[in-house]
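A.B. asks: dropping the sequence and predicted coords here.
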Amino acid sequence: MSLICCPHCGNQVSDTVERCIHCGELIKEKPPEPKRYADLSMAEKDSLDSEFERNHPGYSIRKVEKRRVRHGVAMLLALLLSWLIVVILLIGALVHEDRFYETHGIHLQGQYDSSDFTDKEMKEMLEENGGTIVWSYRGDETIILSGKEYRQEEMLQRAVIVVSVFLIIIGVVITLVEIVKFIKANRNVLLAKKLFQAWLVQKNVIYEPRLTSKEKLKFDSLDITKYRI
């Protein structure tokens, strides 16, 4: 304990008292009670938010939250669009295949059965059709399909599968990238809120953001000592 001079009457008093024992005036005022951010009016909140954004544009809560939403939407769209394109390609391939078989009157397809023809007939047909014969029965009639036509159809089906797999891989890669960005954006939201909380302490305002229990653990573990606020 030490003695100080009263700013009102000039007499010496203890530095632990609030009022002068001689004149009764306040020697030091009590600091005002801190306000709660949640209890402030919208105008006061907007004023504080705008001031914080002006001084710390990189830590704007509204901006980082928009960024998080954008990455979340991009993540879902990348996944949905890639699978949608694959489904469209597969449906298109199936429709084309049905039309192909319908055009050629094929109802049952399979490898050539040598018991249906003599060795000479089989050799002639294999040479004529490029080594592949696709057959089917329509009533009592045997339909022979050129191996070249069938191979073209097979190539189309394989191309559709390759393109579909390629699109799935691209979609997965883009989705993973957006997931990483979304996780990073989510952390930046928590960081912005904690920096805003620390900044409001200087304004004698208590800020308690609404967080889930999992977010609260991450929020409390954030180290903001290296950031200037």
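C.D. replies: Received it, and whenever you're ready, just let me know what you need.
A.B. asks: give me the pLDDT value at the residue nearest to Pro209 when sequence neighbours are not counted.
C.D. replies: Leaving aside its sequence neighbours, Pro209 sits nearest to Lys193 (Cβ to Cβ, 6 or more residues apart in numbering; 4.6 Å). Where you see a C-beta, it was placed from the backbone N, CA and C, and this is true even at glycine. pLDDT, Lys193: 91.
A.B. asks: any chance you could map the helices in this protein?
C.D. replies: In the chain, the helices defined using DSSP state H lie at 42-55, 61-103, 119-128, 147-202, 213-221.
A.B. asks: which residues touch the spatially most central residue of the chain?
C.D. replies: The residue lying closest to the centre of the chain (Cα atoms, centre = their mean) is Gly72, at 3.1 Å. Residues in contact with Gly72 (Cβ atoms under 8 Å, 6 or more residues apart in numbering) are Glu178, Phe182.
A.B. asks: going forward, count from 774.
C.D. replies: Done: numbering now begins at 774, and the last item shifts to Gly845.
A.B. asks: domains of this protein?
C.D. replies: Domains of the chain are assigned by automatic domain parsing as 774-803, 804-994.
A.B. asks: so which of the ones you listed is the most surrounded?
C.D. replies: domain 804-994 (a mean of 14; mean count of other Cβ atoms under 10 Å).
A.B. asks: hey, which helix or strand in this protein has the poorest pLDDT?
C.D. replies: strand 907-911 (a mean of 47; mean pLDDT, DSSP states H and E).
A.B. asks: alright, I will stop here.
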